[in-house]
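sharing a model that was predicted from the sequence below.
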Amino acid sequence: MKKSPVIFSCVLLVIACNNNGSNKSKIDTTPALSQTNNNYPSPVDTLGFHQDSATERYEEGSNLTSQSDCLGCHKVKETSIGPSYVAIANKYPSTPENIKHLASTIIKGSKGVWGQVPMQPHPSISQEDATKMVNYILSLKDIK
């Protein structure tokens, strides 16, 4: 009669050991992060900032963008006063030069690139935060 708990424990041990550490239930739902791996160095790494995981960089850039006034002129998929984030991502390849240029554009503003309406400067945004925002925006390439 006391053999049942021992057999049950052995069966559980065998099942647990056969898992081999794989966890197939975890699915990466972060859009377009895998699509941005184009053999260019990570812009954050290139500029010498703290290296985080791609998901953490995506989330931080998304949070910085949503907490700023960017959404007053830009939408993720639709053109508004300014171009959509997806249109920006599709126009600019994710290269260190483009990321530096776009981060500078966030800080200094621009005019004439996307039409008549100028982009207002955001001098209170740091270069590091602007780079994180650009990383997020460029990760949205080809989102439909």
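Arrived safely.

packing partners for the host helix or strand of A89?
Assigned by DSSP states H and E, A89 belongs to helix 85-91. Helix 85-91 sits against helix 127-138, with contacts defined as 3 or more Cβ pairs under 8 Å, 6 or more residues apart in numbering; DSSP states H and E. In this view, the C-beta of every residue, glycine as well, is placed from N, C-alpha and C.

and the average pLDDT for the helix it packs on is what?
In this model, helix 127-138 has an average pLDDT of 95.

for that helix, packing partners?
Partner elements for helix 127-138 (3+ Cβ pairs under 8 Å, 6+ apart): helix 43-46, helix 54-67, helix 85-91, helix 96-108.

the longest one relative to helix 96-108, how many degrees between them?
The reference is to helix 54-67. Calculated by axes from the mean of the first three to the mean of the last three Cα atoms, to 10 degrees, helix 54-67 forms an angle of 30 degrees with helix 96-108.

quick one: closest of the helices and strands packed on helix 127-138 to S139.
Between S139 and the helices and strands packed on helix 127-138, the tightest spacing by Cβ to Cβ is seen for helix 54-67, at 5.7 Å.
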